[in-house]
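>>> Compute the structure for the input listed below.
(chains A and B)
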Amino acid sequence: MKVRTRFAPSPTGFLHVGGLRTALYAYLFAKQNNGDFILRIEDTDLERYVEGAVEVIYSTLKSTNINVDEGPNEGGAYGPYIQTKRKDIYLKYALELVDSGAAYYCFCDKNRLDSLADSNGIKRYDKHCLHLSKEEISKRLANNESYVIRQNMPTTGFSEFDDLVYGTVSIPNSELEDQVLIKSDGLPTYNFANVIDDYLMKISHVMRGNEYLSSTPKYNLLYDAFGWERPQYIHLSQIMKDATRKLSKRYGDANFDDFIKKGYVPEAIINFIALLGWSPKGEQEKFSMGELIEDFSISGLHKSSSIFDETKMKWLNGEYLKEMDFEKFMRLAWPYFEESKIKGLYDYHKLGKLIQSRVEILSEIKDKVDFLAQYNKFDSALYENKKFKIDENVAKSVLIESINELKGINDWNEDNLHLSINKIAEKMEAKSGQIYTVLRIALSGVSITPGGSVELADILGKKESINRIEKAIKWLSEEKQC
RNA sequence: GGCCUAUUGGAGAAGCGGUUUAACUCACAUGCCUUUCACGCAUGCACACACGGGUUCGAAUCCCGUAUAGGUCACCA
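Residues are numbered from 1 along each chain as shown, chains lettered A, B, ... in the order given. This is a model prediction of the structure:
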């Protein structure tokens, strides 16, 4: 049987990384087995529908290189792929179940349903309408009374199924509620539409979050009632924000688009989330999409949930940035330069060369270059350096010694700067590293810089460099007095 | 509250009854390299098998219980 997997998001907001991971795994598994990856939009909840959400899903899949074989835009033999466009299909199947006794009409209103709550506030439907007579049902139907169709669950025994990740799961049937299949607005619930569509679309492997683990028996009962073969189940562990909180869009920081805005590249995001909940056989950690398709395995999937550690994703992103060719890096980095304080002031390309290996996410660029556009009094403790035996006094004398030498440079370029610095070191009988370090701090006013003192001096230019050193000397002197 | 599931160092994790004195990666620390930052390289850190019982010659690995955490119990998906 051909492997067919699907990603079935509801267009209720933005795609968060948990959902994206589900899509990824489904895609990887399908492609690995030369199967099809289907996109189905589950929009049966009219109230939660968000305009533009489908476009977001598409743009995310596109930028992550998850290619849809069949879907709303691609078409396919089992369409339509949007559930609201399949409305009639569900009712037909529901009625079939009513005929066979596996489902029944229910006319209970909200008040009655609410009155069923136990001391914990848990409501469980009491099969009240199951025993309505045929005549009564037709009468109420003819009266246009509002109704739903409920699934008639067994009350005794156990339901068992095999999950490819969790193994055999067994749940007492008494736990299963007579869930609603068709809502009073005529649309199916997720619980119903999902089963019907997975069957009609010939989905072979159902991959989804493990929050569906305990409701899977309900779906199986539906398959059984129709006499359909059950699909294979692959339930995925959860991604947590921390030890107790699930990662969700409610916390606002888990959306794919947000990560892109922060300056992550799609490849790194995909690579990182692939590793959250799945581990490869070997020790390789960096994977291209092709390699993921090759190496993905159900046996590497975890049962336990994992915590989303952005620090590690940052590191991975940095790896991708470093190996990227320079032109591409500049194209991606450009907007971040434009957002920084140095907008229009300095040569982005020169800076880009320095900064490519020094940022992990693009949004760090701003913080790393802003010092070029602003120079404010800074804590002189920045000069302190064990390795080069630098303290404030040393710094001051180095700067005083340097200023005239540097002023004497006619052709302000990196070679001449090196020459001059070496001269200063010789004159002071100091290690050149000492001079370099002091100048780097004096020129930047920050401890970590995108490049050494010579590169900075070159970018700043002679006038600004001299200006900054003079200020630095002044500040050091002031501090001495107090 | 019932039911389902999970529990290896700060994080991701390997491990599937016997060279496990428990890999690897991130983080952190230190050193080297680079004429200075970063990159890179090397080394180190770490109170890690939730706890208690069993089974076994032998258990992180199998079984049971407890604890903790998550999920689920909607006319939401």
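>>> Report whether the expected contact of A:Ala425 with A:Gln434 is present.
Yes: taking contacts as C-beta atoms under 8 Å, A:Ala425 lies within contact range of A:Gln434: 7.1 Å. (C-beta placed from N, C-alpha, C; glycine too.)
>>> what about A:Asp379, distance to RNA strand B?
17 Å (C-beta to the nearest atom of the strand, to the nearest Å).
>>> Could you do A:Lys123 as well?
4 Å.
>>> One more: A:Phe29?
Going from A:Phe29 to RNA strand B by C-beta to the nearest atom of the strand gives 17 Å.
>>> just A:Tyr125 next, same as before
Using C-beta to the nearest atom of the strand, one gets 7 Å for the distance from A:Tyr125 to RNA strand B.
>>> How about the contacts made by that residue?
Each residue near A:Tyr125 by C-beta atoms under 8 Å, 6 or more residues apart in numbering is listed here: A:106, A:108, A:113, A:116, A:150, A:177-178.
>>> Tell me the most packed of these, by neighbour count.
Counting neighbours by other C-beta atoms under 10 Å, A:Arg150 leads the contacts of A:Tyr125 with 25 neighbours.
>>> Count the neighbours of the residue of the stretch 1-150 of chain A at minimum distance from RNA strand B for me.
At 3.1 Å from RNA strand B, A:Glu42 is the closest residue in the stretch 1-150 of chain A, using C-beta to the nearest atom of the strand. For A:Glu42, the neighbour count with other C-beta under 10 Å is 18.
>>> these two touch, right, it and A:Thr189?
No: in terms of C-beta under 8 Å, A:Glu42 does not count as a neighbour of A:Thr189; the distance is 10.3 Å.
>>> For A:Gln440, list the residues it contacts.
Not Gln; residue A:440 is Arg. Applying C-beta under 8 Å, 6+ apart to A:Arg440 gives the contacts A:449, A:452-453, A:456.
>>> RNA strand B: which of the residues you listed is nearest?
Here the nearest of the contacts of A:Arg440 to RNA strand B, counting by C-beta to the nearest atom of the strand, is A:Gly452; it sits at 1.9 Å.
>>> can I assume the closest one is in contact with A:Gly433?
No: taking contacts as C-beta under 8 Å, A:Gly452 lies outside contact range of A:Gly433: 10.1 Å.
>>> Restricting to the contacts of A:Arg440, which residues neighbour RNA strand B?
When contact is defined as C-beta under 7 Å from any atom of the strand, the contacts of A:Arg440 meet RNA strand B at A:449, A:452-453.
>>> Turn these into a markdown table, columns for distance to A:Asn385, neighbour count and secondary structure.
Shown next, in a markdown table, are these (distance: C-beta to C-beta, whole Å; neighbours: other C-beta atoms under 10 Å; DSSP: H, G, I helix; E, B strand; the rest coil):
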| residue | distance to A:Asn385 | neighbour count | secondary structure |
| --- | --- | --- | --- |
| A:Thr449 | 14 | 20 | coil |
| A:Gly452 | 14 | 16 | coil |
| A:Ser453 | 13 | 23 | helix |
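>>> Can the strand or helix carrying A:Lys139 be said to contact RNA strand B?
Counting by DSSP states H and E, the element that carries A:Lys139 is helix A:134-142. No: with C-beta under 7 Å from any atom of the strand as the criterion, RNA strand B is not reached by helix A:134-142; the gap is at least 12.7 Å.
>>> residues making contact with that helix?
Outside helix A:134-142, the residues that touch it by C-beta under 8 Å, 6+ apart are A:105, A:107, A:132, A:147.
>>> For those, give me CSV that also has distance to A:Lys312, neighbour count and secondary structure.
Compiled in CSV, those are given as follows (distance: C-beta to C-beta, whole Å; neighbours: other C-beta under 10 Å; three-state DSSP):
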residue, distance to A:Lys312, neighbour count, secondary structure
A:Tyr105, 53, 20, strand
A:Phe107, 54, 18, coil
A:Leu132, 58, 15, coil
A:Tyr147, 52, 18, coil
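>>> which pair in these spans the largest distance?
The most widely separated members of the contacts of helix A:134-142 are A:Leu132 and A:Tyr147, with 10.3 Å between them, by C-beta to C-beta.
>>> Overlap in contacts, these two.
Common contact partners of A:Leu132 and A:Tyr147 (C-beta under 8 Å, 6+ apart): A:105, A:107, A:140.
>>> just checking, the first one touches A:Asp99?
Read it as A:Tyr105. No: distance between A:Tyr105 and A:Asp99: 11.7 Å, which falls outside the contact criterion (C-beta under 8 Å).
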